[in-house]
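Engineer: Structure here, sequence nowhere to be found:
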């Protein structure tokens, strides 16, 4: 590397910078005076600490082969004893051995900011750095907008974990949290730079034969890399059309949102079942959700994590915090799950709570290893004739109507044997097909529990779809769900 003054592009301003030595062109990797350029050819380098000028004597300042400009005490070469180093104040480029992250003791935040343009190295609005809100993660921002989230560790970039050229590390302890990388072959020259004009992060390697930089990777690389592109409880899969799918059924993002009322309605019914431990579905090979509303523990195993989630009625999902060496630690989420991406290989397992209204036909084998694949399997429940339900509910009279859900009304009825029922008459506009309905009935049948409202059977008559439950006389369910204070 070389240290010197330069003028970028057509600019007449002078900057102190570091660039590669003995390669074609001038590739700048660090700029000292990004905000305060020199307007003429004169310039003097001074490094200050606590307002005092440091006297620069022989062997106290060095430009290392790593590209790090350091000020050290005499011959002391221990990095932790450096008085000052340029690696603590990066510009738009990460070099091997450079930490990007936060020193939790001193508050030093090492983060990247792209050049404004090719002629102006002052900080632009495209940034990349560590953020601590929720759980530590690397985030790219365009201004205040969160543009890309790397996920905890490498859950958002699983290809990094099995990379043949580079070693990547994510460190999180009581003193600091940071990302760092190094080439497996020390002779490989590489850099990692923010591109302001394209709003992407690019990794390059030097090709000595062609004397050019070769693009190794680019992030974001596709639609699903954009943070939160599918909204709440969506899973972004580039191999599907549309790319945005519901977490547990093959629907588009608008359908996910339309189902939220139904999910709330089913929540109270299934809460005891979820606490009993039989209410999770595994989604494999994903980037885990944003951790803004989450809780983490570094020492728990997956079994303990599951138990922790079950003890909290607000817990919506859980998984291992770390994915390496078989997985360890615990992360659980509360409320909506945001910014999930589906991968074809690698990725991480995520265990989410399953509600009956989400139990649609699941074709992806990764969604649930226990999913019943036989569409013609006997549902093992009573199948009521339409006229039986009509007679029981007095032809679905208004006086027998218990309420209206997102997918249709519910009516109280009395069967010929005197048993009281609640018949959920699905709306014909719900978009639910026959196979979808059968799968919902199968799943609810499997989830029967002594503390739950029992599903007695179903009715399929032409376009009519109905679920028949035992009647619950304790007021309307919506009063329990949507009142201000809920006691369970």
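Structural biologist: Nice, I can see it. Model, not experiment: these values are computed from the prediction. Residues are numbered from 1 along each chain as shown.
Engineer: quick one: the helices in the stretch 201-350 of the chain?
Structural biologist: Using DSSP state H, counting those that start in this stretch, the helices found in the stretch 201-350 of the chain span residues 253-258, 260-276, 302-310.
Engineer: Now do the buried residues in the last one.
Structural biologist: It refers to helix 302-310. Under the neighbour-count criterion of 16 or more other C-beta atoms under 10 Å, helix 302-310 has 302, 305, 306, 308, 309, 310 buried. Placement of C-beta: from N, CA and C, glycine included.
Engineer: any idea how far the nearest residue to the third one once chain neighbours are set aside lies from residue 311?
Structural biologist: The reference is to residue 306. Distances taken as C-beta to C-beta, 6 or more residues apart in numbering put residue 318 closest to residue 306, at 6.0 Å, once the chain neighbours are dropped. Distance of residue 318 to residue 311, computed by C-beta to C-beta, to the nearest Å: 11 Å.
Engineer: Return the residues in contact with the residue most central in space within the chain.
Structural biologist: Centroid check for the chain by C-alpha atoms, centre = their mean gives residue 289 as the closest residue, at 3.2 Å. The neighbours of residue 289, taking C-beta atoms under 8 Å, 6 or more residues apart in numbering as the test, are 317, 333, 337, 338, 339, 340, 350.
Engineer: Make a ChimeraX selection of the buried ones in those residues.
Structural biologist: Filtering those down to the buried ones (16+ other C-beta under 10 Å) takes a single ChimeraX command:
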select :317,333,337,338,339,340,350
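Engineer: Closest to residue 3 out of the contacts of residue 289?
Structural biologist: For these, the residue nearest residue 3 by C-beta to C-beta is residue 339; the value is 40.4 Å.
Engineer: re the thing from before, now do the same for the residue nearest to the centre of the chain: its pLDDT.
Structural biologist: Predicted confidence (pLDDT) for residue 289: 88.
Engineer: One more: residue 37?
Structural biologist: At residue 37, the pLDDT value in this model is 86.
Engineer: Run a quick neighbour tally on the nearest residue to it once chain neighbours are set aside.
Structural biologist: Nearest non-adjacent residue to residue 37, counting by C-beta to C-beta, 6+ apart: residue 13, 3.5 Å away. Applying other C-beta atoms under 10 Å, we find 17 residues neighbouring residue 13.
Engineer: For residue 13, grab phi and psi.
Structural biologist: The phi/psi pair for residue 13 (degrees, to the nearest 10) reads phi -70, psi 150.
Engineer: how close does it sit to residue 6?
Structural biologist: 10 Å.
Engineer: Residue 218 now?
Structural biologist: Here residue 218 is placed at a distance of 26 Å from residue 6 (C-beta to C-beta).
Engineer: residue ranges with poor pLDDT in this structure?
Structural biologist: 40-59, 152-163, 248-279, 324-326, 354-381, 405-406, 428-433, 443-453, 474-488 (pLDDT under 70).
Engineer: longest strand in it, by residue count?
Structural biologist: Ranked by number of residues, the top strand in the chain under DSSP state E is strand 120-131.
Engineer: Check which helices and strands it sits against.
Structural biologist: Contacts defined by 3 or more C-beta pairs under 8 Å, 6 or more residues apart in numbering; DSSP states H and E place strand 120-131 against strand 100-103, strand 109-110, strand 112-117, strand 137-142, strand 176-183, strand 190-195.
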